[in-house]
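Participant: Give me the fold of what follows.
(4 chains)
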2 protein chains.
Amino acid sequence: MKVLVVEDDEKLSGFIQKGLEAEGFVVDLCRDGDDGYALATTREYDAMVLDIMLPGRDGLSILRNLRERDIGTPVIVLTARGSLNERLDGLKLGADDYMMKPFYVEELVARLHVVTRRATGSGKSILSNGEVSLNLVTREVRIGEEAIELTAREFALLSYLMRSPGRVFSRAQICEHVWNYHFDPGTNIVDVYIQKLRKKLAGDGEIIETVRGVGYRIREES
Amino acid sequence: MKVLVVEDDEKLSGFIQKGLEAEGFVVDLCRDGDDGYALATTREYDAMVLDIMLPGRDGLSILRNLRERDIGTPVIVLTARGSLNERLDGLKLGADDYMMKPFYVEELVARLHVVTRRATGSGKSILSNGEVSLNLVTREVRIGEEAIELTAREFALLSYLMRSPGRVFSRAQICEHVWNYHFDPGTNIVDVYIQKLRKKLAGDGEIIETVRGVGYRIREES
DNA sequence: GTCTGGGCATGAAGGTCTTGGTTGTTGAAG
DNA sequence: CTTCAACAACCAAGACCTTCATGCCCAGAC
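Facilitator: Numbering: from 1, shown residues only, chains lettered A, B, ... in the order given. The predicted model follows:
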């Protein structure tokens, strides 16, 4: 799950970044409206967090332009307390939710889960396929009835793959979305984490299939 | 050592970031000229790597404005191969060095060491104080005659402190320069690394002094 | 001198990522 | 059909980073 955060306040953006990353989100951060718009239009994100007051170009303008260009990425806008108009304008322009500053990062995380779930089709917070099921909110993973403990990275990887069972993901795609590496083909970290998941998930049959020369996929069963 | 890299090419900026971080530099990265100028003027860096061809605002313009405002941060400009004029203009405008694309990141690292050394006064590549000496290029650390092995973080921390023996650095300052954390006062990672250094450096007397309620400093001896 | 709170020290433990060797697969040559 | 080289994938081990919990110690209050 990749999120673009456009927020100029360093302290706040730092907290947001850390909070989201601890939950397994991959975060791109920028502090400037123009830069934010450029990133939002040139890359794919699963959601955006957009401050209204920004240097360079305000958040509402960015949001309007995104929607005009039919970019439907879920957006949560951040507004100053009290400025009711900003909130209303934001929602009118196609924001999916808003938060008033100051707020708890945990709450932002929860709302991000909501809007991304809403966007990922079914609106469900549980991904399941075969005997594997994965609760995106509580971060519980079950294989059959047995609960499995996963680390943050492992969960991020598994949930990324589980969003499209049967679809093959290349290592480069996985690196991009799960690690935010746009480069460095010299790493085998994806392979390593696939092995970790296989070991932990070890059920009947291969849950994660290798597609030689291409990448990996979840065996489709549901 | 904190470096601002302004470069729009993702792949290249990724490589640069990784290469510099592996050497213990702390890297801020941005892909846009306006944003780059804003960062360069509002924060302190030990050096900048500046591409000439940039969206938003070209590198030469940034460089000219920085120098007009008497910001003397060492700058290495990146130019396309063949464009001799760019190089000459860059040097005329106050660049400290240039590199033609494509280049090896190792070379960039080497030149960064050169320009930062030049800027840090003496132009020396060896910091020493008392019986501790620290070679910024080869990354060798000695205490008396004995060589010490440090990890990247440990080296970054020690070299940051050693640049100003006797000066007290707060935990916040250290976090900012060595970890690039602008936030999260809830971590004691600085303390932990200070302990690691103390253990590895264990010579006669305390090399790193605690200033209770404030921070840490290198005991001045030279 | 004694008490006490906050700042600091320290070890343990878990997570992340890299390294390098081993195994397995593919495809072409013999 | 068999062999072999090259490449892809697998896996174990270890280094490094970071957090957490606990205990120590200094400074000021009494």
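Participant: Only the buried residues of the lengthiest helix in chain A, if you could.
Facilitator: Ordering each helix of chain A by length in residues (DSSP state H) puts helix A:105-119 first. For helix A:105-119, burial by neighbour count (16 or more other C-beta atoms under 10 Å in any protein chain shown) applies to A:105, A:108-109, A:111-117. Every residue, glycine included, has its C-beta placed from N, CA and C.
Participant: For whatever helix or strand comes next after that helix, what does the pLDDT average out to?
Facilitator: As assigned by DSSP states H and E, the chain's next helix or strand after helix A:105-119 is strand A:126-129. Across strand A:126-129, pLDDT averages out at 88.
Participant: Over to stretch A:32-42?
Facilitator: Here the average pLDDT along stretch A:32-42 is 89.
Participant: likewise stretch A:180-196?
Facilitator: 89.
Participant: Geometric centre of chain A: which residue is closest?
Facilitator: The centre of chain A sits closest to A:Met1, judged by C-alpha atoms, centre = their mean, with a distance of 2.2 Å.
Participant: close enough to count as contact, that residue and A:Thr116?
Facilitator: Yes. Look at A:Met1 against A:Thr116 with C-beta atoms under 8 Å: they come within range, at 6.1 Å.
Participant: For the residue of chain A at minimum distance from DNA strand C, give its distance to A:Ile71.
Facilitator: Going by C-beta to the nearest atom of the strand, DNA strand C is nearest to A:Thr151 of chain A, at 2.9 Å. The gap separating A:Thr151 from A:Ile71 is 33 Å, by C-beta to C-beta, to the nearest Å.
Participant: can you tell me the helix or strand for A:Leu12?
Facilitator: Element membership of A:Leu12, judged by DSSP H and E, is helix A:10-22.
Participant: which strands and helices sit next to that helix?
Facilitator: Under the contact definition 3 or more C-beta pairs under 8 Å, 6 or more residues apart in numbering or on different chains; DSSP states H and E, helix A:10-22 sits against strand A:2-6, strand A:26-30, helix A:105-119.
Participant: Distance from the chain centre to the first one, please.
Facilitator: Taking C-alpha atoms, centre = their mean, to the nearest Å, one finds strand A:2-6 lying 8 Å from the centre of the chain it belongs to.
Participant: just the angle between that strand and helix A:10-22, please?
Facilitator: 170 degrees (axes from the mean of the first three to the mean of the last three C-alpha atoms, to 10 degrees).
Participant: Could you export strand A:2-6 as PDB, CA atoms only?
Facilitator: Extracted C-alpha coordinates of strand A:2-6, given in PDB (Å, rounded to 0.1, in the frame of the first residue of the first chain):
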ATOM      1  CA  LYS A   2       1.600   3.200  -1.200                       C
ATOM      2  CA  VAL A   3       0.600   6.500   0.100                       C
ATOM      3  CA  LEU A   4       1.700  10.000  -0.900                       C
ATOM      4  CA  VAL A   5       1.800  12.500   1.900                       C
ATOM      5  CA  VAL A   6       1.900  16.200   1.000                       C
END
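Participant: after the helix or strand bottoming out on mean pLDDT in chain A, next one along is what?
Facilitator: Within chain A, no helix or strand scores below helix A:84-92, which has a mean of 74 by mean pLDDT, DSSP states H and E. Downstream of helix A:84-92, the next assigned helix or strand under DSSP H and E is strand A:97-101.
Participant: Identify the residues contacting that following strand?
Facilitator: A:12, A:76-82, A:87, A:90-91, A:107-108, A:111, A:114-115 (C-beta atoms under 8 Å, 6 or more residues apart in numbering or on different chains).
Participant: Brilliant, that's me finished.
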